[in-house]
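Peer 1: Okay, here's the prediction I keep looking at, along with the sequence it came from:
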Amino acid sequence: MSYGEKINIIDIDYTWSLKNYIRAFDGVYIITLFKSIIISSITTLVCLLIAIPVAFYISFSSIRMKSILLVSIMLPLWTNLLIRTYSLIAILRTKGHINSSLEYLWESTNNLLNFFNLANYEIMGKSFVPLNLMYNNYSIILGLFYIYVPFMIIPIYLVLEKFDRNLLEASYDLGANHIKTFFKVIIPNISPGITSGIILVFIPCLGSFIIPDLLGGADSQMIGNIIERQFKSGNDWPFGSALSFILIYITLVIISVRHVYTKLYSKLHLRGNTQ
Amino acid sequence: MNSKYHISRRNFLMGSSALAAVGITFSPLSANGHNELNFYNWDDYIGENTLSDFADRTGIKTKLDFFADNGELFSKLREGNPGYDIIVPSDIYVEKMVKANMLERIDHDKISNMNNIDSNFLDPVFDPKRQHSIPYMWGSIGIGYDKKRAGITPDSWSYLYDSDRYSGDISLLSEATSVMAIGLKYLGYSANSTNPKEYKQVEELLINQKKHIKVFAEDNGQDLLASGDVILAQEFNGDIAQIMLEDDNISYTVPKEGSLIWEDCLCIPKDAPNVENAHKFIDFILRADIGAELADYIQYATPNKAAKELMNAEYSSNPAIFPSDETVKLCENQLYLGEDVGQMIQDTWTRILAS
């Protein structure tokens, strides 16, 4: 369909034209795509930074604790994505849980200051100003992070489970410190988990449209939103298909990079073992 | 355009359809039963007892399915009717679907309550002589506002389109055609302009204004207003009317530059399995008592004059529901402007959001 052309309201002529692809390389779409890639990359990075310590903690806890922690990570996945996003709205909005907690803290502190007759100095500002936590790009990143972080934790955890702990002792015995052990022993061993995690998080982030719709502000259009509009209000399925195909091509490139990487990695690994 | 619960129709729908995916999406609507009607409606846009009353009187069971916006309705039906008998598109989409030959003609002889419709609604531009559609509800787009925090009555679109007075505390709709059409009205042009230069001016206006806009709301401006997230929200009147019932501090106004009047219609899509039942249903909805019950529940303006006469003054003289005649004169109906203009509007909208 992405090679077709719209001939009237509902009919599409399959002409093998590249018009839709050429149109997709127009400035706005490239900029939006670029922006989506940046937002997805930041989300993936944040997920990674949080997921590694969490996966470690789970992997090193007792068996009982392990199952509790794993279930608590999986449990949110059983609820619908929209419900989870709405719960974030309830937390972040102007009169949401964070702001009302802060307001409570502000009032208590102010009362305390009043008690000491310090209120006139207005140390805490004249009145409580709620934080703008929602309707910006940070809230999108937070939302995406919250939704997709389990997909990063679980592959890393699985690799860590298979990881031979004796290697850690060997590393320490051979005089490496914690940092050196982490980068020279642990990271190379868990890197397959990290790459699958990155793929599992980055790709759905890139195509997401519900979260930017609900949590984003006036400036939060992602490529997924544009595609959604082509299929609904825009009624331009050929162009929407072309845009989706461009996303699929990007995904394919990422997956093939991963494939090449794993091949290279296993070659290196083999060589390392035989030496 | 109507959401009683603090979840907008669209999102409720996504959630419910995802949860009930197995139940709804994979079971084709059964088309063989004679006592069935498959009704594809906006969420929360029918009276609480309307469908059970209909079943009591006619023995026809109604299956209800929801859509969240006209685009969704249209894209679900454009590749063929999946089995719906009654749909509720808005005016501009009625015209579009008639042009695309997607609607069945309505046989007026089978509708005994035709006379209940207000004569103003009998010959609209988008569907001459009402051949394909029966008016269901109508209303306007205006500004819902927080009286205390706004300080004044925001009687001009300039507060939303061209001012930093409420910077960071305003929301606009996220539907490109309506937002652009109102931008045209603000600049003094026709809402149905096809002149690219005029759209360009709206684009520049909105790009400049964007830094002051908190969010382009997905049909949840009333929630943002009720929760204090915004002070002014561009919204459909009925949405604001519903929260006005709960909160005295909220009010609604149609700005002096004029606005858009919209109308949702009952239509029968092509290849509907139960055309007879669909006619019975339309006739039933047009009854005075049923129309009144419906209007009382969903708080939108009814085009059914017999039903309106049965309603109390709180409803029939509420300016948030029925705009005054002078206001209506300032407003325009949106027309279907063709696919090329549609694409231009969508592209402009993409540029505005991306800038």
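Peer 2: Looks like it arrived, so ask away. Residues are numbered from 1 along each chain as shown, chains lettered A, B, ... in the order given.
Peer 1: Next, the contact list for the nearest residue to B:Asn115 once chain neighbours are set aside, please.
Peer 2: Leaving out its chain neighbours, the residue that sits closest to B:Asn115 by Cβ to Cβ, 6 or more residues apart in numbering or on different chains is B:Ala306, at 8.0 Å. Any C-beta I mention is one placed from the backbone N, CA and C, and that applies to glycine too. By Cβ atoms under 8 Å, 6 or more residues apart in numbering or on different chains, the contact set of B:Ala306 is B:Asn113, B:Asn115, B:Asn116, B:Ala288, B:Gly291.
Peer 1: As CSV, those with neighbour count and secondary structure would be great.
Peer 2: Output for these, formatted as CSV (neighbours: other Cβ atoms under 10 Å in any protein chain shown; DSSP: H, G, I helix; E, B strand; the rest coil):
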residue, neighbour count, secondary structure
B:Asn113, 19, helix
B:Asn115, 11, helix
B:Asn116, 21, helix
B:Ala288, 16, helix
B:Gly291, 28, helix
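Peer 1: Report the separation between B:Glu293 and A:Ile12.
Peer 2: B:Glu293 sits at a distance of 43 Å from A:Ile12 (criterion: Cβ to Cβ, to the nearest Å).
Peer 1: between the two, which one's more packed in?
Peer 2: Comparing B:Glu293 with A:Ile12 by neighbour count (other Cβ atoms under 10 Å in any protein chain shown), the higher total belongs to B:Glu293, at 19 against 15.
Peer 1: That one touches B:Ser52, doesn't it?
Peer 2: No - here B:Glu293 does not reach B:Ser52: they are 11.6 Å apart, not a contact under Cβ atoms under 8 Å.
Peer 1: hey, C-alpha coordinates of the helix or strand encompassing A:Pro188 in PDB?
Peer 2: Element membership for A:Pro188, per DSSP states H and E: helix A:187-207. In PDB, the C-alpha atoms belonging to helix A:187-207 read as follows (Å, rounded to 0.1, in the frame of the first residue of the first chain):
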ATOM      1  CA  ILE A 187      29.600  -6.200  31.300                       C
ATOM      2  CA  PRO A 188      31.100  -8.500  28.600                       C
ATOM      3  CA  ASN A 189      29.200 -11.400  30.000                       C
ATOM      4  CA  ILE A 190      25.800  -9.800  30.200                       C
ATOM      5  CA  SER A 191      26.100  -7.900  27.000                       C
ATOM      6  CA  PRO A 192      23.700 -10.200  25.100                       C
ATOM      7  CA  GLY A 193      21.100  -9.400  27.700                       C
ATOM      8  CA  ILE A 194      21.800  -5.700  27.400                       C
ATOM      9  CA  THR A 195      21.500  -5.700  23.600                       C
ATOM     10  CA  SER A 196      18.200  -7.600  23.700                       C
ATOM     11  CA  GLY A 197      17.000  -5.200  26.400                       C
ATOM     12  CA  ILE A 198      17.900  -2.200  24.300                       C
ATOM     13  CA  ILE A 199      16.100  -3.600  21.300                       C
ATOM     14  CA  LEU A 200      13.000  -4.500  23.300                       C
ATOM     15  CA  VAL A 201      12.800  -1.000  24.700                       C
ATOM     16  CA  PHE A 202      14.000   1.200  21.900                       C
ATOM     17  CA  ILE A 203      11.800  -0.200  19.100                       C
ATOM     18  CA  PRO A 204       8.400   0.100  20.900                       C
ATOM     19  CA  CYS A 205       9.400   3.500  22.200                       C
ATOM     20  CA  LEU A 206      10.100   4.700  18.700                       C
ATOM     21  CA  GLY A 207       6.700   3.800  17.500                       C
END
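Peer 1: which residues sit in contact with the residue of the stretch 101-250 of chain A found nearest chain B?
Peer 2: Proximity of the stretch 101-250 of chain A to chain B (Cβ to the nearest Cβ) peaks at A:Lys232, 3.1 Å away. By Cβ under 8 Å, 6+ apart, the contact list for A:Lys232 reads B:Asp69, B:Gly71, B:Glu72, B:Phe74, B:Ser75.
Peer 1: Need the max-distance pair from the contacts of B:Ala306.
Peer 2: Largest separation among those by Cβ to Cβ: B:Asn115 and B:Gly291, giving 12.5 Å.
Peer 1: returning to that earlier point: please report phi then psi for the residue of the stretch 101-250 of chain A closest to chain B.
Peer 2: Taking degrees, to the nearest 10, you get phi -100, psi -100 for the backbone angles of A:Lys232.
Peer 1: ok, now which ones touch the closest residue to it other than its chain neighbours?
Peer 2: Spatial nearest neighbour of A:Lys232, chain neighbours left out: B:Gly71 (3.1 Å); criterion: Cβ to Cβ, 6+ apart. Neighbouring residues of B:Gly71 by Cβ under 8 Å, 6+ apart: A:Arg229, A:Phe231, A:Lys232, A:Ser233, A:Gly234, A:Asn235.
Peer 1: my guess is B:Leu260 meets B:Leu335, correct?
Peer 2: No - contact criterion Cβ under 8 Å: B:Leu260 and B:Leu335 do not qualify, at 10.7 Å.
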